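Undergrad: predicted model follows, preceded by the sequence.
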Amino acid sequence: MSKQKLTIVLFLLLLLFYSVPLTSAEAYTINVLVYDSLGCPIIGADVSIVAGNFSYIEKTNSAGIASFPNVGHPGETIYVEIGWREKTIYYGSYQVSADPTWINLTLENVYPFVVQVKDPSGSAVSDSSILVTWTLGATFELEESTNKSGIAVFDQMIDLDCRIVIKYRGVIIYDESYSLSKDTSFLEITAPIYSLGIRVIDKNNVSIRNALVTLTCVDIGWSLQKSTNSEGYAKFTDLPKAIYKVEVSYMRRTARETLLLDSDLNRTYQLDIVTETTTSYPTVTITTITTTPSTTTSLSPTGSTTITSPPLSTPSPTEISLSPTPTKSPTITTSPPPQPKPPKKEEEFPITGLLIILGIMAYSFGISWVILKRS
């Protein structure tokens, strides 16, 4: 073998030797811990390490840690790259100094994005759906709903150009492009959400109670129903800007209208019906006559009976004035005069009188029988 060929073989062996990473005691473990700007672990971030001629990639676990065993050598410089939401958010170099070597990263460019939705009066709009989309090679999207304070939070966002779409009751109330950065990480939106008041009257401009009002969103198809109160009024609130169909019905009478709701609005609908009439009632005079039912019976010594009845008592007439009410028929209430207690009845045939009568009859019968026998 020539000297030139031997030199080439030695060079290749040295190259192969330095290309293979050392193991056992000479290879250290590298742990990378990734936090966001609030100190919360970033879960699922892509962590890449380049050591020598080799590169390694792992995802952070639930604690925000990506671990690389046996890849670093004492004094070696390694390069760390962090990818999040399909974008590189960090790149840096470190020197391996211990086993394991910990690299703690707090990334200020990973922050929460807060969206608050209010109506024109400044009241919070809850339960609105907020969709954030962006494109980095592929299209990505995140969706959150506003809470009772009208706030939705998108955690661990990064600088990017995105599109924000907000829906309320299925209707799109906001659709705009947005350049997101840490300085623009709070967005307040005044949403076009309004109220609609409906009043229902009859031909005489009298308010109609319990008329049924149906409100239908033409674009989405959902409907709301309410009945008018005693003033003939029904109010619908928290309505997104849209085209609505209004239908009012009462006693087979109906009114319909299609309208664009782009501000707070009040509408009056008149139905071809009369719901109230006025009736006059005369004054009624009621005279009450009371008859005393008591009777006195006495027995004379001669056997005749005398019956005495007292005269009828006639009280003075009573006048009652009846006032009509618009919804109820008049009611007449009279109290009967006090009835006297009936007198205790006397005994019609006392025992003594009865014995006298029987004795007289027996005496007369005996005399008659004697006369008949003699004759």
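TA: Thanks, I have the structure now. Residues are numbered from 1 along each chain as shown.

Undergrad: beta-bridge partners for Glu141, please?
TA: Beta-bridge pairing for Glu141 (DSSP bridges): Thr133.

Undergrad: residues in contact with it?
TA: Contacts here follow C-beta atoms under 8 Å, 6 or more residues apart in numbering; on that basis Glu141 touches Leu131, Val132, Thr133, Trp134. Using the backbone N, CA and C atoms, a C-beta is placed for each residue, glycine as well.

Undergrad: kindly report the same for Val165.
TA: Ile130, Leu131, Thr133, Ile172, Tyr174, Asp175.

Undergrad: go with 10 Å
TA: Ser129, Ile130, Leu131, Val132, Thr133, Glu141, Glu143, Ile172, Ile173, Tyr174, Asp175, Glu176 (C-beta atoms under 10 Å, 6 or more residues apart in numbering).

Undergrad: what residues does stretch 207-214 touch?
TA: Residues contacting stretch 207-214 (C-beta under 10 Å, 6+ apart): 196, 198-202, 223-236, 245-251, 253-256, 267, 269-271, 273, 275-276.

Undergrad: buried ones in it?
TA: Ser207, Ile208, Ala211, Val213 (16 or more other C-beta atoms under 10 Å).

Undergrad: go on, stretch 136-147?
TA: Leu142, Glu144, Thr146.

Undergrad: coming back round to it: narrow the contacts of stretch 207-214 to those that are buried.
TA: If we count by 16+ other C-beta under 10 Å, these have these buried: 196, 198-202, 228, 232-234, 236, 246-248, 250, 253, 255, 269-271, 273, 275.

Undergrad: for the closest residue to Pro192 other than its chain neighbours, grab the count of nearby residues.
TA: Spatial nearest neighbour of Pro192, excluding adjacent residues (C-beta to C-beta, 6 or more residues apart in numbering): Lys241 at 3.8 Å. As a burial measure, Lys241 scores 16 neighbours (other C-beta atoms under 10 Å).

Undergrad: in the stretch 151-300 of the chain, where is pLDDT below threshold?
TA: Under the criterion pLDDT under 70, the flagged ranges of the stretch 151-300 of the chain are 276-300.

Undergrad: hey, where'd the strands end up in it?
TA: Assigned strands in the stretch 151-300 of the chain, in chain order: 151-157, 160-168, 171-180, 186-190, 193-201, 212-217, 223-227, 233-240, 242-250, 253-261, 265-270, 284-286, 296-299 (criterion: DSSP state E, counting those that start in this stretch).

Undergrad: adding distance to Phe68, write those strands out as JSON lines.
TA: Listed next are the strands of the stretch 151-300 of the chain as JSON lines, based on distance: least, C-beta to C-beta, whole Å:
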{"stretch": "strand 151-157", "distance to Phe68": "23"}
{"stretch": "strand 160-168", "distance to Phe68": "28"}
{"stretch": "strand 171-180", "distance to Phe68": "32"}
{"stretch": "strand 186-190", "distance to Phe68": "37"}
{"stretch": "strand 193-201", "distance to Phe68": "52"}
{"stretch": "strand 212-217", "distance to Phe68": "56"}
{"stretch": "strand 223-227", "distance to Phe68": "59"}
{"stretch": "strand 233-240", "distance to Phe68": "51"}
{"stretch": "strand 242-250", "distance to Phe68": "55"}
{"stretch": "strand 253-261", "distance to Phe68": "60"}
{"stretch": "strand 265-270", "distance to Phe68": "64"}
{"stretch": "strand 284-286", "distance to Phe68": "106"}
{"stretch": "strand 296-299", "distance to Phe68": "129"}
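
Undergrad: do you know which of those lies nearest Ile49?
TA: Ile49 sits nearest to strand 151-157 of all the strands of the stretch 151-300 of the chain, at 21.7 Å, using C-beta to C-beta.

Undergrad: can you map out the helices along the stretch 51-200 of the chain?
TA: Counting by DSSP state H, counting those that start in this stretch, the stretch 51-200 of the chain has no helices to list.

Undergrad: which of the contacts of Glu141 are buried? Put it as a ChimeraX command.
TA: A single ChimeraX command selects the buried members of those (16+ other C-beta under 10 Å):
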select :131,132,134
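
Undergrad: quick one: which of the contacts of Glu141 is nearest Glu76?
TA: Closest to Glu76, out of all of the contacts of Glu141 and judged by C-beta to C-beta, is Trp134, at 37.1 Å.

Undergrad: number of residues surrounding the nearest residue to that closest one once chain neighbours are set aside?
TA: Leaving aside its sequence neighbours, Trp134 sits nearest to Cys162 (C-beta to C-beta, 6+ apart; 4.1 Å). Residues near Cys162, counting by other C-beta under 10 Å, number 20.

Undergrad: what's near enough to touch Cys162?
TA: Neighbouring residues of Cys162 by C-beta under 10 Å, 6+ apart: 113, 131-135, 140-142, 154, 176-180.

Undergrad: list the buried residues in stretch 168-180.
TA: The neighbour-count check on stretch 168-180 (16+ other C-beta under 10 Å) flags Tyr168, Arg169, Val171, Ile173, Tyr174, Leu180 as buried.

Undergrad: list the contacts for the nearest residue to the fifth one once chain neighbours are set aside?
TA: The shortest distance from Tyr174 to any residue other than its chain neighbours is 3.8 Å, reached at Ile166 (C-beta to C-beta, 6+ apart). Applying C-beta under 10 Å, 6+ apart, one finds that Ile166 lies in contact with 115, 117, 125, 128-131, 146, 152, 172-176, 189, 191, 240.

Undergrad: at 6 Å instead, please
TA: Contacts for Ile166 (C-beta atoms under 6 Å, 6 or more residues apart in numbering) come out as Ser128, Ile130, Ile173, Tyr174.
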